[in-house]
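Colleague: need the 3D shape of this:
(2 chains)
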Amino acid sequence: MGRTVITITQQLTETEGMLSPFRRTLRRSDQYIFDGLFAAARRHIAAIGQAESLLPFETALLAMLLEQAKEIAVLRQELEQLKIKRE
Amino acid sequence: MNEQTGWLVDVYAASEGGIVLWLLTEDDQRLHLRIKFPVTFYAAGEFALLRQAWIYLKGKDVKLARATRHDLFLGEREVMAITLPHPSLLPALFADLSRQFPSLDYYDADIPLSLRFIAQTGANLLGKCRVLLDGEMVQSIQPLDSPWEVEPAPLPLRILTLRPDVNPAIRKPKHLHVEYKQKKYSLPLEPTRPFLISLKSDLGRLDPDLIITDFGDTWLFPQLEEWSKECGIEFNPNRDESKEVLKRRADSYFAYGQVVYRGAQAHLFGRWHIDRKNAMSWNEYGLEGAMEQARVTGIGVQEMARKSPGAGITAMQMGTALRNGIMVPVQKQQVEGAKTLIELIRADHGGLIYQPLIGVHGHVAQIDFSSMYPAIMVKHNISPETVGMIDVPEGLIPKTLRPLVEKRLALKNLLLELDPRDCRAEVLRARAAALKWLLVVCFGYLGYKNARFGKIESHEAVTAMSRELMLQAKEVAEDLGFTVLHMYVDCLFVQQEGLECPADFTPLMESIVEKTGIPIALEGVFKWVAFLASKRDKRVPVPNQYFGAFLDGTLKYRGIELRRRDTTAWVRKIQLAVLNILSRANSPEELMDYLPPALAYIESKKRDLRADRVPLEELIVRQKLSRVLDGYKSPSPAARAARQLQSIGREIAPGQSIEFLFTRSGVHAWELGETLDVRRVDIQRYCVLLDRAMQTVLDPCKALCSPVQALL
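Modeller: Numbering: from 1, shown residues only, chains lettered A, B, ... in the order given. Okay, the predicted model is just below:
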C-alpha cells in the first residue's frame, strides 16, 4: 500500500519483460531452462529484498547461481550414493 | 433532583441547543435527557490573519480567547479558542470561517460529538453511568464502568427485525416479515395505508431500541417516507420524534487498491437502525462486534456497523488526543521527510514474505505472532511523533493501542479457558474479532495519506522491526534444527523430523518469545499441508496459498478458490467437500488413498450439473465493477451483466457487486428477475471453473503419486 519503490516481484517481472526479445530468439527447449532461472530467483524474493541493493537484478543473478549450486550439490550427493551402491 | 442509573445508548446534538442523551435505565425506561455542552475549536497561524478572523467573529454568538495549546508535532502553539454555546452551530460556523480564512490551521473542528462528550465527562458509549437530573436536564454524570471491561454487563436491548420477502432490487416485495423476541409475523405491503398504520402501531407498542433490517438503508426507510407522504399518514421511525431520519447518499470510493461501493444509509435518533445488507462486517462479527467497536471507539453503533474499522481507530486516536490535551488537526500536516534513493530503498519495504517450499509436507507447525504490528508499536513506542527518538514518553499511538491489545489478549485467554460449547463463546469470539480489525487497520493508518496522526516513517519503522523479528525467529528455529517452510508477515511454518504433537514445539516457541519479546501462539500442527505453485510456472512458489489438515482433522486454507468471493457456491461446496475427503489422510503418503473417492465425487457433481440438478442460485458468479460502465474497452462479464441491468433502468456504480450466470450466449444478470431456462446455462464453462478449482487441490497430491497414478 502506497509504496514508492517497486517491489522485487515487480522488478523481476519488468526485467523478464525487457528480456523477452532475447527469450523469443532462444530455442523452445532453451526457453524452458531460461524461465527456470527466473523461477529460481523468485524463490528468493525475500532475500533479494533484504539485500537493499540499488541494482536488485545483480542479487537476483546470485539467487539463480545459488539454486544452481544447490542442484549441483544434490546431484553430487546422489552420484556419491550411487557409486557406493555399485561398489 | 432525581437520580437514575443506566446505559448510555445514544448521543447527538439537540436542535434546541446542547446535547441529547438517551439512557436505558436499569428499570427498563428509555429516558430522553439533555445536557448543556459548549464546544471549542481552535485556529492558529499568522498573527495578522488571526486578528482579522477575530474581528470577523466578534459580532457572532461565540466566545473568543487567546490560548496556548499543544500540537503533536509543533509543540506549544498560540491559538485563538472559539467557543460556541451549542454543538449544532459548529459545522456551519467552521465551514464559513475556513472559507474566509483558508490559510489558517484549524484544530478540533471536526471531532464527532460523542468523542467530545466522552472525553469531557468520562462516561462511555454503551457503558453504565449514574446521572443526577433536574427534569430532563442532566446536572452531573458519573461513569460506573470502563470500555476496557472484559465482560461488561449485557445491554437489555429490545430488538425488532424487519425484512422484505424478496430482494427489492430483483422483484417488488409483497410482504414485510416482522420478528420481535419469539414472535414472527408478516405484514402485507399493499394496500399501503393499512400497512403503514399497523407498522406505526407496532413500532409505538414495542418501542424497540434497535431495528435490524434487510435493505432498510436502500429500500425500507426511503419507501416508508414516500408512502407516508402519499397516504398523508405521519410516520417517524425515530424515538426522538423532533428529528427526521438522517439520510446519507450512496458513494463509491477507492481503498486498498479497489473500488468500494457503499449504499445509501438511514440513521435513526434515540434508537438504532442497522441494515444487515449494508453493514460492512456484519457477517464477520455481527451486532456484538459492532457494539464492542462502539464501546471502545466512542462512535455510535449505527456508524460503526456501516463504517470501516479505520474510522474507529481514527476516533480512538482523537479520543486519546482530547484526553491528553493535544489538539486534533483538521488536515494532516506531516509529509514524508526527504530521503536519498538508497535510504528510500532501505525504508520502503513491507512485511517479510518468505517463499514457501512447494509441495505437501507432513507434521508442520504454524506459529503466529499475536497482533504483531500493534505489539511492535506498543513495545517499541512507535508513533509519528516519537519515531527515530529514544527515551521519550509514550507516544499517542502506543497510548491508544495498549488497552486495545491488552483487552483482545484478555478476551482470547478467556476463550481458551471456555468450553467451546459455552453460549458465551460466540459473543466473545465476535468481540475479539471486532477488536482485531481495529488493530489491523491501525498499522495501515500510520502511513495513510489522510490519517491525522500518520507519518510514513513510523509506518516503515513497524515493518522494518517486523522483518527483523521474523528473521530472528527463523534463526532461532534453524538453531534448534527446524526447517522453515514458509514465513508470511507474522506467521511461520516449521517442521522437524520426529516432532509431531503440539507439545514438541513448546521449546521452540519459548525460545522465540525470549529472543523477540513479542507474544506468539501455536495456531496448530498440520498432519499435512500443501504449499502451492504458480499456475503459470510450476517451479515458482506462491506465498500464502496453501491448504492442510490439522491433527484433529480441521481444515485450514488460504488463497484458494474456496476463499475467493468471485467463486460460485457450487464450485466452493465441491472444493470444500473434496478437501474434507482429503482431510481424513493422516500423512502426505496417505493422501493418495483418498484421490479415487475425491475424483468419483467430482464426477458425480458434474453429472448433477449436466442433468440440471444444480439450483441456479449455486451457479451465480459475483464480480465487482472496477470502473464506470463506459470506462470498459472490452467489457468484462460483470460489465456485460451490468449493462443488462442498466437497460432495465437500474443505476450502476463502480465498486458494486454484480451477480450473473454464464449462459451459452454470454451472461445473464441475476437481478434481471426473469427466470432463466436451465438449458441456456453454459455447462462447459462451469465445468472449466470446477476443473480449475480441483486442479488447485488435487495437483499437489498427484505430484506425490507414481507417474502412472498421476495420469488419473
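Colleague: residues contacting the closest residue to chain B within chain A?
Modeller: Relative to chain B, the nearest point of chain A is A:Ala39 (3.7 Å; Cβ to the nearest Cβ). Where C-beta positions appear, they are placed from N, C-alpha and C, glycine not excepted. Listed by Cβ atoms under 8 Å, 6 or more residues apart in numbering or on different chains, the contact partners of A:Ala39 are B:Asp537, B:Arg539, B:Val540.
Colleague: leaving aside the residues next to it on the chain, what's closest to the last one?
Modeller: Put plainly, it is B:Val540. B:Ser534 (4.1 Å; Cβ to Cβ, 6 or more residues apart in numbering or on different chains).
Colleague: can you check the first one too?
Modeller: Take B:Asp537 and drop its neighbours on the chain: the residue closest to it by Cβ to Cβ, 6+ apart is A:Ala39, 5.5 Å away.
Colleague: now the one you found, what's its secondary structure?
Modeller: A:Ala39 falls in the helix class when you classify it by DSSP: H, G, I helix; E, B strand; the rest coil.
Colleague: any idea of the pLDDT on it?
Modeller: On pLDDT, A:Ala39 comes in at 94.
Colleague: got it, and B:Leu90?
Modeller: 92.
Colleague: what of B:Phe254?
Modeller: Per-residue confidence (pLDDT) for B:Phe254: 67.
Colleague: for the residue of chain B found nearest chain A, the count of nearby residues, please.
Modeller: Proximity of chain B to chain A (Cβ to the nearest Cβ) peaks at B:Arg539, 3.7 Å away. If you count neighbours by other Cβ atoms under 10 Å in any protein chain shown, B:Arg539 ends up with 17.
Colleague: A:Phe34 is in contact with that one, correct?
Modeller: No. With contact defined as Cβ atoms under 8 Å, B:Arg539 does not count as touching A:Phe34 (11.9 Å).
Colleague: which residues touch B:Cys372?
Modeller: Careful, residue B:372 is Met; it's not Cys. Neighbour list for B:Met372: B:Ser466, B:Leu469, B:Val489, B:Asp490, B:Ile518 [criterion: Cβ under 8 Å, 6+ apart].
Colleague: now for the helix ranked longest in chain A, which elements pack on it?
Modeller: Counting by DSSP state H, the longest helix found in chain A is helix A:56-86. On a contact count with 3 or more Cβ pairs under 8 Å, 6 or more residues apart in numbering or on different chains; DSSP states H and E, helix A:56-86 meets helix A:8-18, helix A:28-42, helix A:45-50.
Colleague: how about B:Asn167, nearest residue that isn't a chain neighbour?
Modeller: Once flanking residues are discounted, B:Asn167 sits nearest to B:Phe215: 7.0 Å by Cβ to Cβ, 6+ apart.
Colleague: give me phi/psi at that neighbour?
Modeller: The phi and psi values for B:Phe215, taken as degrees, to the nearest 10, are phi 60, psi 30.
Colleague: and it, what does it touch?
Modeller: Neighbouring residues of B:Phe215 by Cβ under 8 Å, 6+ apart: B:Arg163, B:Pro164, B:Asn167, B:Pro168, B:Ala169, B:Asp275, B:Lys277, B:Asn278.
Colleague: compare these and tell me which is most surrounded.
Modeller: Ranking the contacts of B:Phe215 using other Cβ under 10 Å puts B:Asp275 first, with 27 neighbours.
Colleague: where does pLDDT dip in chain A?
Modeller: A:1-3 (pLDDT under 70).
Colleague: all set, thanks.
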